[in-house]
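J.: Coordinates only, no sequence provided:
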């Protein structure tokens, strides 16, 4: 991994579904939620209503488990025309709390890749979501000491990457962002002038869907994090 | 405001109830909550039960409006033995959302004090709470450009102040923290070796109560932010 002539100073990593499992727990909790209210609603497309509530509430709540819990409660009331019993809402609260205490499951190749990359580059965690919960997950993952910086942000825009790659490095042109979301990790990083590396995850939240960037020389896709070092060596 | 011989490099400011009204909105929402469930409960001390839920949930949820909303819903179910109608829970959700869109009310002396202090010192906002909501309030207050740094943290410990006053200045010994909470703003800052300036607010959340530090040479109290510049000039 030679760096003398590397065009890169800083590698940014997304967290949820890039370093550890995330969306799977949301989908499992959604299944639990659908089961909880199945007896109190007739024929509604509850999943679609939940997604609509989540989208609507993004502007109020931002991202994260607490926002998701509040959207589940709102949807439960909505799709049952206010007939959902309080005991069911209590169970939705419980499902949300279970997510917040779920053990962190690091994805394959994460630790060894971070260990290697952090020897030669400034390595920054760049994640959106709930500050409190993201800090918990980072602490529990044991990956914290491998990062030179941690940036928990409310949104990921081109400006976010410009700022972070300047604060932790030599500016966006010498930065690379690695993540599972085209919309949040790849497209705005490329817009900022950085490299954008996409690692598709087997489940992606509908809100994060986007088309890949067309014709960008700084866009790459790899299958898993274990392929990152070879990719960095080649550019 | 001479700085050539000033022992200070960096002034940190708390946000909620130091720069803008905060606890008042929580207490107003609590009143609304008590009104909403009054017909569904008999003789319970609902306020005490809500505070107990908030304390219990701090470890899961952290600080902020979403956490408070979830604790109100939990308390509503608890104190009514699960008899609270879903329509009332819908109104609790609404009360929470209203808090998140409430206009920011800047406290007296804030803008002019920040304008003066930021000419001579590195000025940093250090606040805990919900990332998304704190960013909204800062943007809405129009005070953002007066700060050299913004640190939204999940907890305020002596280590927090050591890190922030090192990242934005010459270390904790040359830092001063200004805020309304003895527990979060003053005591840990003094423990870190910084100055701690207390500005009592007329309402303070029970969880933030603490005794003032005994015998610290770096502890000060002022009545309002308009007295800060004189205080800085004297030390």
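T.: Okay, I see it. Predicted, not measured: the structure shown is a model, and the values here were computed from it.

J.: For residue A:123, give its distance to chain B.
T.: Residue A:123 sits 18 Å away from chain B, going by C-beta to the nearest C-beta, to the nearest Å. Backbone N, C-alpha and C define where each C-beta goes, glycine included.

J.: should've said residue A:83
T.: Applying C-beta to the nearest C-beta, the value for residue A:83 to chain B is 7 Å.

J.: Give me the neighbour count for the closest residue to that residue other than its chain neighbours.
T.: Spatial nearest neighbour of residue A:83, excluding adjacent residues (C-beta to C-beta, 6 or more residues apart in numbering or on different chains): residue A:40 at 5.9 Å. Per other C-beta atoms under 10 Å in any protein chain shown, the neighbour tally for residue A:40 reads 15.

J.: How about residue A:44?
T.: 14.

J.: Repeat that for the one 10 residues further on.
T.: Taking other C-beta under 10 Å as the criterion, the count of residues near residue A:54 is 22.

J.: same thing with residue A:193?
T.: Neighbours around residue A:193, by other C-beta under 10 Å: 16.

J.: Residue A:129 too?
T.: 21.

J.: Can you pull the poorly scored residue ranges out of chain A?
T.: Applying pLDDT under 70 to chain A picks out residues A:1-5.

J.: interface residues of it facing chain B?
T.: By the rule C-beta under 8 Å from any C-beta of the partner chain, the part of chain A lying against chain B is A:60-63, A:66-67, A:69-70, A:73-74, A:76-77, A:80, A:82-87, A:89-90, A:93, A:96-97, A:100-101, A:130-133, A:135, A:152-154.

J.: list the buried ones in the helix or strand encompassing residue A:166?
T.: Assigned by DSSP states H and E, residue A:166 falls within helix A:158-167. Buried residues in helix A:158-167, defined by neighbour count with 16 or more other C-beta atoms under 10 Å in any protein chain shown: A:158, A:160-162, A:164-165.

J.: Helix or strand next in line after it, which one?
T.: strand A:175-179.

J.: now the next helix or strand along the chain from that next one: how far from the chain's centre is it?
T.: Per DSSP H and E, strand A:175-179 leads on to helix A:187-191 as the next helix or strand towards the C-terminus. Computed by C-alpha atoms, centre = their mean, to the nearest Å, the chain-centroid distance of helix A:187-191 equals 16 Å.

J.: again, but for stretch A:40-49
T.: The answer for stretch A:40-49 is 27 Å, by C-alpha atoms, centre = their mean.

J.: how long is it end to end?
T.: This stretch, stretch A:40-49, spans 15 Å end to end (C-alpha to C-alpha, to the nearest Å).

J.: hang on, the earlier thing: what angle separates the helix holding residue A:166 from strand A:175-179?
T.: Between helix A:158-167 and strand A:175-179, the angle comes out at 120 degrees (axes from the mean of the first three to the mean of the last three C-alpha atoms, to 10 degrees).

J.: packing partners for helix A:158-167?
T.: strand A:10-13, strand A:122-128, strand A:149-153, strand A:175-179, helix A:187-191 (3 or more C-beta pairs under 8 Å, 6 or more residues apart in numbering or on different chains; DSSP states H and E).

J.: what packs against the shortest one?
T.: What that stands for is strand A:10-13. Strand A:10-13 packs on strand A:122-128, helix A:158-167, strand A:175-179, going by 3+ C-beta pairs under 8 Å, 6+ apart.

J.: swap the cut-off to 7 Å and go again
T.: strand A:122-128, strand A:175-179 (3 or more C-beta pairs under 7 Å, 6 or more residues apart in numbering or on different chains; DSSP states H and E).

J.: Can you tell me what sits against the first one?
T.: If I follow you right, that is strand A:122-128. Residues outside strand A:122-128 that contact it (C-beta atoms under 7 Å, 6 or more residues apart in numbering or on different chains): A:9-16, A:63, A:114, A:117, A:134, A:138, A:146-156, A:164, A:168-169, A:177, A:184.

J.: The closest residue to residue A:144 other than its chain neighbours and chain B, how far apart?
T.: Closest residue to residue A:144 apart from its sequence neighbours, by C-beta to C-beta, 6+ apart: residue A:138 at 5.2 Å. According to C-beta to the nearest C-beta, residue A:138 stands 11 Å off from chain B.

J.: so residue A:138, which of the three states?
T.: Put simply, residue A:138 is helix when judged by DSSP: H, G, I helix; E, B strand; the rest coil.

J.: Burial check on the closest residue to residue A:203 other than its chain neighbours, number of neighbours?
T.: Nearest residue to residue A:203 in three dimensions, chain neighbours excluded: residue A:23, at 4.4 Å (C-beta to C-beta, 6+ apart). Counted with other C-beta under 10 Å, residues neighbouring residue A:23 total 16.
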